[in-house]
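> I'll drop the sequence and a predicted model, then ask my questions.
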Amino acid sequence: MSSSDVVNKESGKRKTNEVNQPPAKVGANDDVVVVVGGQEFQECSHHLRYCSSYFNGAFRSGMKETQTMRFEFPDGDPESWKLTMSLLSPLSKQTITSSNIEKVLPWFDELCVSVGLKRCEDFVLGQITPADKLHDEYGLGDMNKAFHSAMKWLPLALQYNLQNVKRRCFEVLRKSWEAKHRWYLIDGPTFDTLKELLESHDEHKQDLWDLLAVVLPNTIADKKEQDFLLSSGILRMLFVSELQRQKTLLILNNCAGSRPMWKVASQLKNHGVTGLENW
């Protein structure tokens, strides 16, 4: 973003704009050129100020772009800009969806559009079952859906600091991992996602380690040990080993001598546990 050294983006982030009245008619006074990825868009400065704390701060501070009435975002995607502005139009019928949220959320975040961020957050919350609705009697299919929905949205929530979504994701994941079905929910890709988040989000490391500690108790003691386990690759080995051990116990307990051992071995293999085929 140009002139990021002039306007402190973080200081205006997600605060209510001081331009309290929306423009009477967006498009009636398109007095600003916004260049996105080389493509020019005519926009109304009052509408931009009303929607965006970034633009409001830019005009209040008198940065050079407000003198030329031209803002440039050379790395931006023109199509996602058009979609973003369409969503912010007072008469828009556009809605946030699973297919467009990752296109507009970066703009809402970069330009500090609090109403857009709130709409994205509300949409995602609607995709995740609240933790207080999860219980041991919940069917495996429903629990699996809730678990993987939380895993799907957690990276986005951490990246864009969607507080309510983060809270719900962690609550659902923790509740899922404490349920009797948990060893049917957890898999290698789950660990890989958590590992990527651990490596890229220092401010949420403890929350992520607390999740792993549910399935690896007495393994993760202190920060020094955490860093070693993460960097050495041992953590994944421990995770997969414990995952296979618990799945083996679950299936053996469920069978309880009612099936031939080769059928048990076949079922275990379907869950990633191998080496038992010749029993």
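Noted; the coordinates are in hand.
> which residues of the protein fall in helices?
45-51, 53-61, 64-68, 78-88, 101-110, 114-125, 140-159, 163-178, 182-185, 188-200, 205-215, 223-232, 234-255, 261-270 (DSSP state H).
> Who are the packing partners of the first one?
Meaning helix 45-51. Counting contacts by 3 or more CB pairs under 8 Å, 6 or more residues apart in numbering; DSSP states H and E, helix 45-51 is packed against strand 32-36, helix 53-61. Quick note: C-beta positions are derived from backbone N, CA and C, even for glycine.
> can you check the fifth one too?
Under the contact criterion of 3+ CB pairs under 8 Å, 6+ apart, the helices and strands touching helix 101-110 comprise helix 78-88, helix 114-125, helix 140-159.
> hmm, back to that, which of the helices of the chain sits most buried?
helix 45-51 (a mean of 23; mean count of other CB atoms under 10 Å).
> Distance from the chain centre to it, please.
In terms of CA atoms, centre = their mean, to the nearest Å, the centre of helix 45-51 is found 28 Å from the chain centre.
> repeat for stretch 107-114
How far stretch 107-114 lies from its chain's middle: 16 Å, per CA atoms, centre = their mean.
> Between the two ends of that stretch, how far is it?
Taking CA to CA, to the nearest Å, the first and last residues of stretch 107-114 lie 11 Å apart.
> ditto for stretch 63-76
20 Å.
> same check, this time on stretch 212-226
11 Å.
> domain assignment for the protein?
Domain assignment for the chain by automatic domain parsing gives 10-112, 126-270.
> mean confidence score for the longest one?
The one in question is domain 126-270. Average pLDDT, domain 126-270: 80.
> what's Leu158 in contact with, if anything?
Lys166, Leu197, His201, His204 (CB atoms under 8 Å, 6 or more residues apart in numbering).
> will you turn the domains of the chain into a markdown table that also has distance to Cys120?
Below are those laid out as a markdown table (distance: least, CB to CB, whole Å):
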| stretch | distance to Cys120 |
| --- | --- |
| domain 10-112 | 5 |
| domain 126-270 | 7 |
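> before we move on, the earlier item: farthest-apart pair in the contacts of Leu158, please.
Using CB to CB, the contacts of Leu158 span at most 11.0 Å, a distance reached by Lys166 and Leu197.
> overlap in contacts of the two?
Leu154, Leu158, His204.
> Identify, from those residues, the entry nearest to Trp107.
Nearest to Trp107 out of these is Leu158 (CB to CB; 18.5 Å).
> The closest one and Arg49: what is the separation?
30 Å (CB to CB, to the nearest Å).
> With Pro74 instead?
The value you get for Pro74 to Arg49, if CB to CB is used, is 22 Å.
> Need the contacts of Leu158 in TSV (columns: distance to Ser98).
TSV is the format used below for the contacts of Leu158 (distance: CB to CB, whole Å):
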residue	distance to Ser98
Lys166	18
Leu197	20
His201	22
His204	23
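> Just give me the residue right at the centre of this structure.
Nearest to the geometric centre of the chain sits Leu156, at 1.9 Å (CA atoms, centre = their mean).
> which residues touch Ile128?
Contacts of Ile128 (CB under 8 Å, 6+ apart): Ala146, Ser149, Ala150, Trp153, Val165, Arg168, Cys169, Val172.
> Name the nearest residue to the first one, ignoring sequence neighbours.
Taking CB to CB, 6 or more residues apart in numbering as the measure, Ala146 lies nearest to Thr129, with 4.0 Å between them; neighbours along the chain are not counted.
> Sweet, I'm off.
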